[in-house]
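S.K.: sharing a sequence plus its predicted fold:
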Amino acid sequence: MIATAPGIEDLTLNITQEIHVNAPLEATFAALIEQLTTASEHPDGTPMPMKLELRPGGRWFRDLGGDNGHFWATVQALKQPALIEFAGPLFMSYPVVNNVQYRLSEVPGGTLIKFTHSAFGLIPEEHKKGVTTGWNHTHEQARLRAERNASR
């Protein structure tokens, strides 16, 4: 039997996205935070409310009540309304470390969100494929929320 070690590409996950939002910077940041917390949901629309302690070192977690839940990350950096960065296991229950960054900037006509999710560890291939679907849904819902709120 010959054992082979996984290559670096087998141990990494890198997702980058740019989301253009037709809403002001502050409204976009607020909508993003709402989408990552109380409005969080699975792509099929099933609610998955999260809690976020919006401060450096604050926790981002799924609260199931009765002191039960899932720890997702710690707020690594926060510069409202231009940056929020997380570090932690996220939704992955295996040996892994994740870094998620949202960088928001004003652009003509609204806000640009630059998103990156980098992970390193033993990430199953089927999980790598599903991660992009989940982030796409989250970002689209945040964009719609920001644009809807800005038009009021």
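M.R.: Now that the structure is in, tell me what you want to look at. Residues are numbered from 1 along each chain as shown.
S.K.: can you give me the strands in this protein?
M.R.: Taking DSSP state E as the test, the strands found in the chain are 12-21, 51-52, 59-65, 68-79, 83-88, 96-107, 110-121.
S.K.: what would those strands look like in CSV with distance to Ala150 and mean pLDDT?
M.R.: Every residue, glycine included, has its C-beta placed from N, CA and C. Below are these laid out as CSV (distance: least, C-beta to C-beta, whole Å; pLDDT from 0 to 100):
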stretch, distance to Ala150, mean pLDDT
strand 12-21, 9, 96
strand 51-52, 22, 98
strand 59-65, 25, 94
strand 68-79, 21, 97
strand 83-88, 19, 98
strand 96-107, 13, 97
strand 110-121, 8, 97
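S.K.: closest to Thr133 out of the ones you listed?
M.R.: Set against Thr133 and scored by C-beta to C-beta, those come closest in strand 12-21, at 10.8 Å.
S.K.: measure how that closest one sits relative to strand 110-121, angle-wise.
M.R.: Strand 12-21 and strand 110-121 are oriented at 170 degrees to each other (axes from the mean of the first three to the mean of the last three C-alpha atoms, to 10 degrees).
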